[in-house]
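> here are the coordinates; sequence isn't available:
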């Protein structure tokens with residue numbers, strides 16, 4: 001049985017094969033197509049592996065950075081969970097995430113054994129901007145972010161994030177969360 005254009009797209013994205021991704025798209029592959037087992041789109045697979053050039057191309061072609069897989073994980077979730085800093089940065093730039101989505105991504109990143117402090121810091125900054133946006137305020141100046149006080153609705157999740165970081169043995173993320 002031969003591979004469909006959608007299957008070729010997902011395989012090329014997972015392997016970081018930029019030319020393969022372009023060829024699959026030229027052959028009519030659907031950016032929204034997902035595998036039948038886990039619901040992964042090409043963007044999920046590229047983000048998970050940290051193939052930034054492929055993530056960038058898929059986003060430029062219109063891939064949905066907030067598409068859910070079968071387990072309700074977005075490409076941002078999987079990149080954050082797997083500590084793919086550059087992919088997280090790109091996805092945050094493209095996706096206008098609500099504070100609820102960002103709290104969930106922060107929870108996933110904090111509890112991951114592959115989590116990275118710089119990923120957590122990126123998500124925290126995006127979360128602060130989302131809170132401000134949702135409150136009708138301007139984004140903070142760069143100098144305003146470091147010592148910020150957590151909003152009340154976020155305080156409960158800080159304890160959970162800290163517990164997950166400690167449970168997974170991620171000392172750096174636990175330290176970062178304690179500094180908040």
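Received the coordinates, thanks. As the structure is a prediction and not an experimental result, all values here were calculated from the model.

> what's in contact with stretch 92-100?
Residues outside stretch 92-100 that contact it (Cβ atoms under 8 Å, 6 or more residues apart in numbering) are 59, 65-66, 74, 76, 105, 122-123, 126-127, 130-131, 134, 154. Quick note: C-beta positions are derived from backbone N, CA and C, even for glycine.

> Buried residues, the longest helix seen in the chain. List them.
Looking across the chain with DSSP state H, the single longest helix is helix 117-134. Across helix 117-134, burial judged by 16 or more other Cβ atoms under 10 Å covers 117, 119-120, 122-131.

> just stretch 66-76 next, same as before
66-67, 69, 73-76.

> quick one: contacts of it?
Contact partners of stretch 66-76, identified using Cβ under 8 Å, 6+ apart, comprise 32, 34, 37-41, 43-44, 46-48, 55, 63, 65, 78, 81, 87-88, 91-92, 95, 97, 101, 105, 108.

> Recalculate using a threshold of 7 Å.
By Cβ atoms under 7 Å, 6 or more residues apart in numbering, the residues outside stretch 66-76 that reach it are 32, 34, 38-41, 43-44, 47, 65, 88, 91, 95, 105.

> Endpoints of it, how far apart?
One end of stretch 66-76 sits 7 Å from the other (Cα to Cα, to the nearest Å).

> Now do it: distance to the chain's middle.
Chain-centre distance of stretch 66-76: 9 Å, with Cα atoms, centre = their mean, to the nearest Å.

> Tell me how confident the model is about that stretch, as a mean pLDDT.
For stretch 66-76, mean pLDDT is 94.
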